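# Pasting a predicted model and its sequence here:
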Amino acid sequence: MLDPTDLDAHRAEGAFTGLNKALTAMTPEDVIEQIKMSGLAGRGGAGFPTGLKLQFTRAATGMPKYVVCNFDESEPGTFKDRVLMQGDPFRTIEGVILSAYAVGATEGFIFIRGEYPEAAAVVQEAIDTLYDAGLLGKDIMGSGFDFDLSIRRGAGAYICGEETALFEAIEGKQGFPRLKPPFPTTHGVFGRPTAISNVETLALMPDIVRNGGEWLKQWGGGKSVGIKLFCLSGHVKQPGVVEVPYGTTVRDLVERFGGGGFDGAPQAILMGGAAGGFLHPDNFDTPLTNEALNPLGAPIGSGVVMVFNQNVDLGAVLKTLARFFVHESCGKCVPCRVGTVQIAKLLDRITGGDGAPDDLARLESLGQMMRKSCLCGLGMSAPNAMLSTLAHFRPMYDRLIAGGGA
Ligand SMILES: Cc1cc2nc3c(=O)[nH]c(=O)nc-3n(C[C@H](O)[C@H](O)[C@H](O)COP(=O)(O)O)c2cc1C
Ligand code: SF4
């Protein structure tokens, strides 16, 4: 394993050859074309096509333009970006510089979760090393392209991973999300065109540019192209980060390619984190694709795969998730501010033995209302886990209501 901040060792393994190729033999439009051709879609949760994002930011009027690397990684159960950045910060930073070249940005920020001091130190050392080596700053690699990069730190709010709240935080304000549209590609940080991408998304760009857009397509297909990092945790024998092609089944991910198998008979898997949903064991043979998992209410999201065995009280887990959203709701809009509290209260009532059968209809309609009317992704996804259990774990609720609670 390479020393994370030994630039010579990383360059000997091919680091910055993608950037060199882009700066010497490709126009910014060529870079965007290769990213579009690769089918790369965002790995931060929303899955927006990265090439289009770069194209829109390049086409936007107004200077300066910015690129932002979203290293907030605050989704419960997600730790892949930390592993990537602490192990090889250069790969993601090369992706940041490629993005900047593609869109015409002169400055960029890496927004790092406040609770990641070790990762922040590694990234800062890597940035300093790259300035010394002429890979950041003025006239990068003698190409005439100038680009400055610096770190901004979060202060512990989950909402600051949401792109527009993150911009507010970078601007020194409280992390309240903005109404969209306008979108970041035209009105991002400081109101300027901005391409914001997740750490893992950016880390894939150097190989795409170096090997050509077709390279990523050798894995997966449809809207789920390439390879994806998954964060395995909970009741698996071997927790950790595993990279597999899209299309691998959930069961194979846990039993064959990572995880070392289930630790105890599984009851459910929380896919996608707190904003995701629970997968029932009947569906463990589903392929890891957005197309297959979204209809089951258990999205891939940022790649969380958290296993719960039969000894776990799923009602208690749901209550913890509900309280998480009460705590993390920024309070800017009513459906989320009130809806998160109402969901938590109803779950308390049901698990406490005072639930009535029509409480389930109340939960369902609250959840659907929040999905439709919340201002940002936090509120829209807050009811997801609860709704997935109403759809696939109904007997649990029936038992709680009929049997007087947990
Ligand atoms: C509440 C909330 C938290 C989020 N947290 C993160 C995060 O920690 N990291 C991340 O990359 N994206 C996060 N996102 C998604 C970002 O808003 C944005 O879609 C993403 O950074 C774009 O990068 P990508 O296209 O490479 O995925 C979050 C979204 C919401 C609604
Ligand atoms: S949905 Fe929730 S987190 Fe998002 S703006 Fe509204 S109150 Fe804030």
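Right, received. Where do you want to start? Ligands and ions are numbered 1, 2, ... in the order given.
# and Thr340, that one's in a helix?
Yes - using DSSP: H, G, I helix; E, B strand; the rest coil, the assignment for Thr340 is a helix.
# Can you read off the pLDDT for it?
As predicted, Thr340 sits at a pLDDT of 98.
# contacting residues for it?
Ala322, Phe325, Val326, Ser329, Met370, Gly379, Ala382 (Cβ atoms under 8 Å, 6 or more residues apart in numbering). (C-beta placed from N, C-alpha, C; glycine too.)
# neighbour-wise, which of these leads?
Within the contacts of Thr340, most neighbours by other Cβ atoms under 10 Å means Ala382, with 29 neighbours.
# which residue packs closest to it, ignoring adjacent ones?
Phe325 (4.1 Å; Cβ to Cβ, 6 or more residues apart in numbering).
# Which element, helix or strand, includes the most centrally placed residue in the chain?
With distances taken as Cα atoms, centre = their mean, the residue of the chain nearest its centroid is Gly44 (2.2 Å). Taking DSSP states H and E as the criterion, no element holds Gly44; it sits outside all helices and strands.
# How about the residues of the stretch 51-200 of the chain by ligand 2?
Ile159, Pro177 (Cβ under 6 Å from any ligand atom).
# Please enumerate the strands of the stretch 51-200 of the chain.
With DSSP state E, counting those that start in this stretch applied, the stretch 51-200 of the chain shows strands at 66-71, 107-112, 148-153, 194-198, listed in chain order.
# CA-only coordinates of the first one, as PDB, when you get a sec.
This file holds the C-alpha atoms of strand 66-71, laid out as PDB (Å, rounded to 0.1, in the frame of the first residue of the first chain):
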ATOM      1  CA  TYR A  66     -16.100  27.200  -9.200                       C
ATOM      2  CA  VAL A  67     -15.800  23.500  -8.600                       C
ATOM      3  CA  VAL A  68     -16.600  21.900  -5.200                       C
ATOM      4  CA  CYS A  69     -15.800  18.500  -3.900                       C
ATOM      5  CA  ASN A  70     -18.500  17.300  -1.500                       C
ATOM      6  CA  PHE A  71     -16.600  15.500   1.200                       C
END
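# helices or strands up against it?
Contacting strand 66-71 under the criterion 3 or more Cβ pairs under 8 Å, 6 or more residues apart in numbering; DSSP states H and E are the following elements: helix 89-103, strand 107-112, helix 163-170, strand 194-198, helix 199-211.
# so which of these gets nearest Glu364?
Relative to Glu364, the nearest member of those by Cβ to Cβ is helix 163-170, separated by 28.2 Å.
# Do any residues in the closest one lie close to ligand 1?
Yes - taking Cβ under 6 Å from any ligand atom as the criterion, helix 163-170 and ligand 1 are in contact, through Glu163.
# what angle do that helix and strand 194-198 make?
110 degrees (axes from the mean of the first three to the mean of the last three Cα atoms, to 10 degrees).
# Name the surrounding residues that touch helix 163-170.
Helix 163-170 has contacts (Cβ under 8 Å, 6+ apart) with 68, 70, 72, 109, 111, 152, 154-155, 157, 159-160, 174-178, 180, 184, 188-190, 194, 196, 330, 376.
# With mean pLDDT added, can I get the strands of the stretch 51-200 of the chain in a markdown table?
Converted to a markdown table, the strands of the stretch 51-200 of the chain look like this (pLDDT from 0 to 100):
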| stretch | mean pLDDT |
| --- | --- |
| strand 66-71 | 98 |
| strand 107-112 | 98 |
| strand 148-153 | 98 |
| strand 194-198 | 98 |
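# Compare these and report which one is nearest to Gly234.
Between Gly234 and the strands of the stretch 51-200 of the chain, the shortest gap by Cβ to Cβ is with strand 194-198, which sits at 22.6 Å.
# Would you mind pulling the contact partners of the closest one?
Contacting residues not belonging to strand 194-198 are listed as 42-45, 50, 53-54, 57, 65-70, 81, 95, 99, 102-103, 105, 163, 166-167, 184-185, 188, 302 [Cβ under 8 Å, 6+ apart].
# That strand pairs with which strands?
Paired neighbours of strand 194-198 in the sheet (DSSP bridges): strand 66-71 (parallel).
# which parts of the stretch 251-400 of the chain sit against ligand 2?
In this structure, the stretch 251-400 of the chain approaches ligand 2 at residues Ser329, Cys330, Gly331, Lys332, Cys333, Cys336, Arg337, Cys374, Leu375, Cys376, Leu378, Gly379, judged by Cβ under 6 Å from any ligand atom.
# Tell me which of the residues you listed fall in helices.
Among these, the subset assigned to helices under DSSP state H consists of Cys336, Arg337, Leu378, Gly379.
# Out of those, flag the one nearest to Asn309.
The shortest approach to Asn309 among these belongs to Leu378, at 28.9 Å (Cβ to Cβ).
# ok, the closest residue to the closest one other than its chain neighbours - contacts?
Spatially, and ignoring its direct neighbours in sequence, Leu378 is nearest to Ile159 (5.7 Å; Cβ to Cβ, 6+ apart). The contact partners of Ile159, by Cβ under 8 Å, 6+ apart, come to Ala165, Gly175, Phe176, Pro177, Glu328, Ser329, Cys330, Cys376, Leu378.
# Just give me the neighbour total for Asp30.
If you count neighbours by other Cβ under 10 Å, Asp30 ends up with 14.
# Show residues contacting the helix or strand it falls within.
For Asp30, the host element (DSSP H and E) is helix 28-38. When contacts are taken as Cβ under 8 Å, 6+ apart, the neighbours of helix 28-38 outside the stretch itself are 22, 26, 49-52, 54-55, 58, 98, 101-104, 205, 208-209, 212-217, 225-226.
# Turn the buried ones among those into a named ChimeraX selection, would you?
What follows is the ChimeraX syntax for the buried subset of those, where burial is set by 16 or more other Cβ atoms under 10 Å:
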select :22,26,49,50,51,54,55,58,98,101,102,103,104,205,208,209,213,215,216,217,225,226
